[in-house]
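Novice: missing the sequence, but the structure's below:
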């Protein structure tokens, strides 16, 4: 009877956990952009599962001791586009929750797998188990940091991809006689929402609230923290201060950004042979040797028998 009740409790627990995982995976968070449109923001499943537990840990990170760390993480969340989804205190709480909550669960599952597959654990098996458990703990400690880093890289790539075309449209609009901010507004309204459009919408919104164009552009450069945006904003601010034609500046910036983009692509192309070397040695060469030497080895084995 006791075994039956224990099995029933485990079944209820597994069903509840499965339901919670499915519910979390189906949840979609939306943020409201500066122009009123809504944009999807999807957290990783693991962080989304732990996010409801963060209020119990936030108070640990609200003191002055973590002020500098909160500021740094807040800037990185803004650069990744998740500043309206996760607060810096919540992100710090997630870094604590991942090793505390997820690591024991994964280690228990790992122990169960080893026990079912190997039977009684021997010394060598225990050593492997301890090593894998430590690896899981270290990975869970670093997982939120890795996710945020990849989110920033992805958003910067999307901005770099869209920037030359947006600058070309701005150049044509300004040279056709439109005001710079009106040209930005028209381009935003005719483009699908993307990271660059979100940042330009925020620039327009800040100008409507009373900021000067120079201040709004500098704020965007500090918010995005991307070299091409920083270079563009510096050129536009200098043109505004010196009274130079914005159209000419935009055309020069477009050429420079395309040149840098070509140089980055050329650098990646030069790095490709080095990156392909390990898969080539580890996967292709053994197969080639096996095909060439396989018949000879089989013949030698037959002669030995």
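Specialist: In hand now; what should we look at? Everything numeric in this text was worked out from a predicted model, so none of it was measured.

Novice: just say helix, strand or coil for residue 40.
Specialist: strand (DSSP: H, G, I helix; E, B strand; the rest coil).

Novice: likewise the one 3 residues further on?
Specialist: Of the three states, residue 43 takes coil under three-state DSSP.

Novice: list the contacts for it?
Specialist: 29, 51, 82, 85-86 (CB atoms under 8 Å, 6 or more residues apart in numbering). All C-beta atoms are positioned from the backbone trio N, CA, C, and that covers glycine.

Novice: ok, residue 207 next?
Specialist: Counted by CB under 8 Å, 6+ apart, residue 207 has contacts 181, 213, 216.

Novice: so how far is residue 62 from it?
Specialist: Distance from residue 207 to residue 62, counting by CB to CB, to the nearest Å: 33 Å.

Novice: also residue 80?
Specialist: From residue 80 across to residue 62, the span is 22 Å (CB to CB).

Novice: pull the number of nearby residues for residue 199.
Specialist: Residues near residue 199, counting by other CB atoms under 10 Å, number 22.

Novice: one more: residue 271?
Specialist: 10.

Novice: which helix or strand contains it?
Specialist: helix 246-279 (DSSP states H and E).

Novice: residues of that helix that come out buried?
Specialist: 246-247, 249-251, 253-254, 256-257 (16 or more other CB atoms under 10 Å).

Novice: what of stretch 160-176?
Specialist: 160, 163-164, 166-167, 169-171, 173-174.

Novice: show residues contacting that stretch.
Specialist: Residues outside stretch 160-176 that contact it (CB under 8 Å, 6+ apart) are 180, 182-184, 186-187, 191, 194-197, 200, 226, 228-229, 232, 246-247, 250-251, 253-254, 257-258, 261.

Novice: next one: that stretch to chain centre, how far?
Specialist: The chain centroid and the centroid of stretch 160-176 are separated by 27 Å under CA atoms, centre = their mean, to the nearest Å.

Novice: can you map out the helices along the protein?
Specialist: 2-26, 45-50, 67-80, 88-97, 103-118, 123-175, 180-190, 195-208, 213-224, 227-242, 246-279, 285-304 (DSSP state H).

Novice: could you name the helices and strands sitting against the shortest one?
Specialist: Applying 3 or more CB pairs under 8 Å, 6 or more residues apart in numbering; DSSP states H and E, one finds that helix 45-50 contacts helix 2-26, helix 88-97, helix 123-175.

Novice: show me what contacts residue 199?
Specialist: 159, 220, 223-224, 229.

Novice: could you redo the last one with a cut-off of 7 Å?
Specialist: Residues counted as contacts of residue 199 (CB atoms under 7 Å, 6 or more residues apart in numbering) are 220, 224.

Novice: between the helices of the chain, which one is closest to residue 38.
Specialist: helix 195-208 (11.4 Å; CB to CB).

Novice: between that closest one and helix 213-224, how big is the angle?
Specialist: Per axes from the mean of the first three to the mean of the last three CA atoms, to 10 degrees, the angle that helix 195-208 makes with helix 213-224 is 140 degrees.

Novice: coming back round to it: could you tell me the least trusted of the helices and strands packed on helix 45-50?
Specialist: Lowest mean pLDDT within these: helix 2-26, a mean of 61.

Novice: just to revisit the earlier point, can you redo the buried residues of stretch 160-176 as TSV with distance to residue 70?
Specialist: Formatted as TSV, the entries for the buried residues of stretch 160-176 read as follows, by distance: CB to CB, whole Å:
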residue	distance to residue 70
160	28
163	30
164	35
166	32
167	34
169	38
170	36
171	40
173	40
174	40
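
Novice: quick one on the thing from earlier: and residue 80 and residue 62? which has more neighbours close in?
Specialist: Taking neighbours as other CB under 10 Å, residue 80 and residue 62 compare with residue 80 leading, 23 against 13.

Novice: any idea how far residue 76 is from residue 100?
Specialist: For residue 76, the distance to residue 100 equals 22 Å [CB to CB].

Novice: who has more neighbours, the two?
Specialist: Remark: of residue 76 and residue 100, residue 76 carries more neighbours, 19 against 15, as counted by other CB under 10 Å.

Novice: returning to that earlier point: can I get the contacts of residue 43 in CSV with neighbour count?
Specialist: Formatted as CSV, the contacts of residue 43 follow (neighbours: other CB atoms under 10 Å):
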residue, neighbour count
29, 15
51, 20
82, 21
85, 18
86, 24
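
Novice: quick check: the two most widely separated of those?
Specialist: 51 and 82 (11.6 Å).

Novice: how about the nearest residue to residue 252, chain neighbours excluded?
Specialist: residue 235 (7.4 Å; CB to CB, 6 or more residues apart in numbering).

Novice: any idea how many residues pack against the one you found?
Specialist: Residue 235 sits with 17 neighbouring residues when counted by other CB under 10 Å.
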